[in-house]
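**Q** the following block contains a protein sequence and its predicted model.
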Amino acid sequence: GRELHNPSRPEFDGTYLYSTATSKVDYSDIIFKVKPDGTDFTKLYVNRNGQTVGHLVLSGGVLYGITGEGVIYKINTDGSGYTKISSIYGVSLSPITISNGVIYGTTDQYGAYNAGFMYKINTDGTGYAKIMDFEQYGNPADPNPSISYSTGELCVSGSTIYGIAKQYRQGYGAVYKINTNGTGCTILYNFAQKKGAYPTGDIHIEGNVLYGVTSYYTDPYETDPASIFSINTDGTNYTQLHTFSSTNTVISFTVDGSGIYGTDYASNSIFSLNTDGSNYQTLFNSFSDTTGVSANKGVTKVGTILYGPTDWRA
């Protein structure tokens, strides 16, 4: 495994962890599996259609992914049946989300207004449709609000899609929702001020509460570090749960019941906190060249154990 680096956050099927990593030999994308105790490491497939964006998605016993070149693919967990489902024309593609046999994703360029678009396609490759175009400067004739550059993995609950955007009109980002049929786009929260703004990364749902992260912001006059926030799915009760100490970091996290678990790039650490913002803890921050460094892609929780990747080790 030493010729591989830069693995993604794993998916777990009850027996194996599944992930992708980059080959140092020819920079191909290697899909692999390994048991949680570290045994039975198996390369499943050498994917030469580009590097997988984000992480694999396990749905119905099949692994799905999207590459930076826009190739949506699927592969069985035993390594057989690699299939190219479709190609998406876009730039800065988000990791895909799957709900009820439908794949959802976004780009942050191209589309009608060159600010990206949201799409969906069935897992069998049929039914491709553009759900909405994001709007860099807005279009008064379009009923959708002027949200631009959607970022990170979408969250789908029933017939509603939740997402975050880097820009809203001329502001500093927004949390939004839209129906899966493309109607009813609604701004749940508008980051109108620089402080605590610029949302980035994935959005998660637990019950009727959404969780996300704002990125750091610095200019000559003010500094604002990253933070984790929560907001109800109806747009009420926006709350900053925790503000990190660094102004130059990437926060990746997941929500499990009443707990939030994630990684902080600046401190190269794993952390946890309650979903009400209490009891923040640094669980581990002793990464090194030999144990692995750059733990910045989040963790996967299995029971009481967290599994996650580092970019490389010596």
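**A** On my side now, so go ahead. A quick note: this is a predicted structure, and the numbers were derived from the prediction, not measured.

**Q** quick one: low-confidence ranges for the protein?
**A** 1-2, 90-91, 136-145, 169-170, 194-195, 216-223, 247-248, 314 (pLDDT under 70).

**Q** select the longest strand from it.
**A** Secondary structure of the chain per DSSP state E: the longest strand is strand 147-157.

**Q** pull the residues that contact that strand.
**A** Residues from elsewhere that reach strand 147-157 (C-beta atoms under 8 Å, 6 or more residues apart in numbering): 54, 94-97, 99, 104-106, 108, 115-116, 118, 134-136, 161-168, 174, 176, 180, 185, 187, 199-205, 210, 233. For glycine as for every other residue, the C-beta is placed from the backbone atoms N, C-alpha and C.

**Q** could you redo the last one with a cut-off of 6 Å?
**A** Contact with strand 147-157 is made by 94-95, 97, 99, 104, 106, 108, 115-116, 134, 136, 161-163, 165-168, 174, 176, 200-203, 205, as judged by C-beta atoms under 6 Å, 6 or more residues apart in numbering.

**Q** touching, residue 75 and residue 65? I think so.
**A** No: Residue 75 lies out of contact with residue 65 (C-beta atoms under 6 Å); the separation is 8.1 Å.

**Q** compare the two (neighbour count), which wins?
**A** A count of neighbours by other C-beta atoms under 10 Å puts residue 65 above the other of residue 75 and residue 65, at 27 against 20.

**Q** look up the closest residue to that one, ignoring the ones flanking it.
**A** Of all residues not flanking residue 65 in the chain, residue 52 sits nearest, at 4.5 Å (C-beta to C-beta, 6 or more residues apart in numbering).

**Q** so how far is residue 126 from the one you found?
**A** 23 Å (C-beta to C-beta, to the nearest Å).

**Q** so which of these two has more stuff around it?
**A** In this view residue 52 and residue 126 are compared by other C-beta under 10 Å, and residue 52 has more residues nearby, 26 against 9.

**Q** got a list of what that one touches?
**A** 20, 29, 65, 67.

**Q** quick check: beta-bridge partners of it?
**A** On the basis of DSSP bridges, residue 52 is bridged to residue 67.

**Q** test my guess that residue 227 contacts residue 238.
**A** No: using C-beta under 6 Å, residue 227 is not in contact with residue 238, being 11.4 Å away.
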